[in-house]
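Participant: sequence and computational prediction follow.
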Amino acid sequence: MKEADKYYETLITRYLSGESSVDEASDLLLWLKDHPANINLFMEMRKTWVMQYAHIVDQVTELDEEWPQKSPRPLL
């Protein structure tokens, strides 16, 4: 893998996790505009990221137990 590839994969990961700076996000946007293949890589990484996050949330969240705690109180 080329150094540039590693750099942009790191930028994508930082962007998806909300840790990218404004300059990094801008650099990523320019890279995405360069070639359609870059968008494909971004979308694949995003899809994987979302699936991993959904899996983590599913493992950690017990809706039946947490719903009564999260539901709003009735108005008096």
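Facilitator: Happy to help now that I have it.
Participant: count the neighbours of Y8 for me.
Facilitator: Residues near Y8, counting by other C-beta atoms under 10 Å, number 19. For the C-beta atoms, the positions are set from N, CA and C on the backbone; glycine is no exception.
Participant: likewise K6?
Facilitator: 10.
Participant: relative to L30, how far out is E44?
Facilitator: 19 Å (C-beta to C-beta, to the nearest Å).
Participant: please apply the same query to W49.
Facilitator: 21 Å.
Participant: which of these two has more residues huddled nearby?
Facilitator: W49 (15 against 10).
Participant: ok, the closest residue to the more buried one other than its chain neighbours - contacts?
Facilitator: Distance criterion C-beta to C-beta, 6 or more residues apart in numbering; nearest residue to W49, sequence neighbours excluded, is L16 at 4.7 Å. Taking C-beta atoms under 8 Å, 6 or more residues apart in numbering, we find L16 in contact with M45, R46, W49.
Participant: dump those to JSON lines, plus distance to D5.
Facilitator: Listed next are the contacts of L16 as JSON lines, based on distance: C-beta to C-beta, whole Å:
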{"residue": "M45", "distance to D5": "12"}
{"residue": "R46", "distance to D5": "17"}
{"residue": "W49", "distance to D5": "17"}
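Participant: which ones among these lie within helices?
Facilitator: Under the assignment DSSP state H, these contribute M45, R46, W49 to helices.
Participant: and the least confident of these?
Facilitator: Lowest pLDDT of these: W49, 86.
Participant: do you know how far that residue is from D23?
Facilitator: Computed as C-beta to C-beta, the W49 to D23 distance reads 21 Å.
Participant: again with E3
Facilitator: Counting by C-beta to C-beta, the gap from E3 to D23 is 19 Å.
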